[in-house]
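1. Below are the sequence and a predicted model; questions follow.
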Amino acid sequence: MSIALEERLAATLARLILDPSAPPARHIAVGAASPIPAAACWLVRLMGHPVRLSLLHKRSGNPFTEGTRELFDLTGQGRIDLFFLGGGQIDGQANLNLVGTGDWPGMGVRFPGSFGSAFMYFMTPRTILFREEHSPRVLVEKVDNISAPGVSPPGVFRRGTAQALVTGKCVFRFHPDRARFSLESLHPSETVDSVRAATGFDFDVEADIPATPDPTEAELALLRGRVCDEMAETYPEFCKRVWGRTRAA
């Protein structure tokens with residue numbers, strides 16, 4: 001049975017959400033343009049885990065009537081347990097650049113903007129970083145501009161930092177105590193050398209690196225069925241590209 005990369009990444013993110021070594025994720029928020037994290041969250045919920053999902057761009061039944069202001073209120077109150085962030089650039093200290101390349105204010109290639117990324121990164125106990133593209137232009141030695149820092153000096157209040165970084169090639173685990181990533185698993189056909197060649201920052205390899213587990217048959221059935229049903233209204237193009245349909249069955 002063939003497995004789409006998007007399905008593999010969604011299942012991988014779902015396992016990170018359910019990581020027993022991490023603080024519990026009772027309320028998960030998913031931002032704009034995040035269909036793969038959204039699929040992971042729906043997968044977790046439809047597997048029977050009691051999580052509350054807040055999808056900012058859900059077209060119907062959206063819990064937010066005033067958009068991101070309510071998300072920030074909930075996060076500031078400590079009522080969001082997990083969030084997903086990406087970046088135009090991500091470096092080896094888990095710093096994110098959503099501004100642009102070159103000198104401030106990103107006079108080279110422009111990115112969509114930082115918006116509330118720093119607030120969410122500081123005030124959410126768990127953040128999973130996600131970027132499907134894995135290349136030296138994205139995963140850089142040092143970001144050109146810091147929209148949201150991966151670690152903070154002593155005395156700076158923050159509830160959490162990155163748990164992991166998931167890409168189209170591998171999974172990295174982040175270690176805030178030493179502000180470094182370590183390689184946790186490799187997607188099919190990847191090796192440590194191929195990941196190093198595609199990564200602009202240095203990272204640790206602590207043991208023999210396992211393969212990223214395939215989604216189970218039960219997970220694939222949910223993704224292709226009930227998860228797609230839940231997502232089709234909000235992400236019709238994604239559902240058509242990955243699962244060949246744009247509406248609930």
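-> Yes, it's here.

2. Could you check how far the residue positioned nearest the centre of the chain is from residue 39?
-> Nearest residue to the geometric centre of the chain (Cα atoms, centre = their mean): residue 130, 3.2 Å. Distance of residue 130 to residue 39, computed by Cβ to Cβ, to the nearest Å: 11 Å. All C-beta spots, glycine's among them, are computed from the backbone N, C-alpha and C.

3. tell me the contacts of the closest residue to residue 126 other than its chain neighbours?
-> Leaving aside its chain neighbours, residue 126 sits nearest to residue 82 (4.4 Å; criterion: Cβ to Cβ, 6 or more residues apart in numbering). Applying Cβ atoms under 8 Å, 6 or more residues apart in numbering to residue 82 gives the contacts 17, 25, 27, 28, 29, 124, 125, 126, 127, 128.

4. residues near the fourth one, how many?
-> Residue neighbour count, defined by other Cβ atoms under 10 Å, stands at 25 for residue 28.

5. Do a quick rundown of the helices in the chain.
-> If DSSP state H is used as the criterion, the helices of the chain fall at 5-17, 35-46, 68-76, 117-123, 192-197, 217-222, 228-231, 236-243.

6. tell me the angle of the second one relative to helix 5-17?
-> Read that as helix 35-46. Here helix 35-46 runs at an angle of 50 degrees relative to helix 5-17 (axes from the mean of the first three to the mean of the last three Cα atoms, to 10 degrees).

7. re the thing from before, closest to residue 150 out of the helices of the chain?
-> helix 117-123 (7.9 Å; Cβ to Cβ).

8. Report all helices and strands that that closest one contacts.
-> Packing partners of helix 117-123 (3 or more Cβ pairs under 8 Å, 6 or more residues apart in numbering; DSSP states H and E): helix 68-76, strand 82-85.

9. Report how many residues lie close to residue 50.
-> Residue 50: 8 neighbours (other Cβ under 10 Å).

10. Nearest residue to it in space, please, no chain neighbours.
-> Among residues not flanking residue 50 along the chain, residue 26 sits closest, at 7.6 Å (Cβ to Cβ, 6+ apart).

11. Show the contacting residues for the one you found.
-> Counting by Cβ under 8 Å, 6+ apart, residue 26 touches 50, 51, 52, 81.

12. So how do I select the buried members of those in ChimeraX?
-> Buried members of those, defined by 16 or more other Cβ atoms under 10 Å, are picked up in ChimeraX with:
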select :51,81
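
13. The contacts of residue 26 into TSV, with extra columns for pLDDT?
-> Shown next, in TSV, are the contacts of residue 26 (pLDDT from 0 to 100):
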residue	pLDDT
50	94
51	94
52	93
81	97
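
14. closest to residue 243 among the contacts of residue 26?
-> Of all the contacts of residue 26, residue 51 has the smallest distance to residue 243: 22.3 Å, by Cβ to Cβ.

15. Is it correct that the closest one is in contact with residue 45?
-> Yes - using Cβ atoms under 8 Å, residue 51 is in contact with residue 45, at 5.4 Å.

16. What's the local residue count around residue 8?
-> 21.

17. can I assume it is in contact with residue 187?
-> Yes - assessed by Cβ under 8 Å, residue 8 is found in contact with residue 187 at 6.6 Å.

18. Quickly list what's touching both of the two.
-> With contacts taken as Cβ under 8 Å, 6+ apart, the residues that reach both residue 8 and residue 187 are residue 212.

19. Mind checking the helices of the chain for the one nearest to residue 56?
-> Closest to residue 56 of the helices of the chain is helix 68-76 (Cβ to Cβ; 6.5 Å).

20. the strands in the chain, which residues?
-> Under the criterion DSSP state E, the chain contains strands at 27-30, 52-55, 82-85, 89-91, 96-97, 126-131, 139-140, 161-167, 170-175, 180-186.
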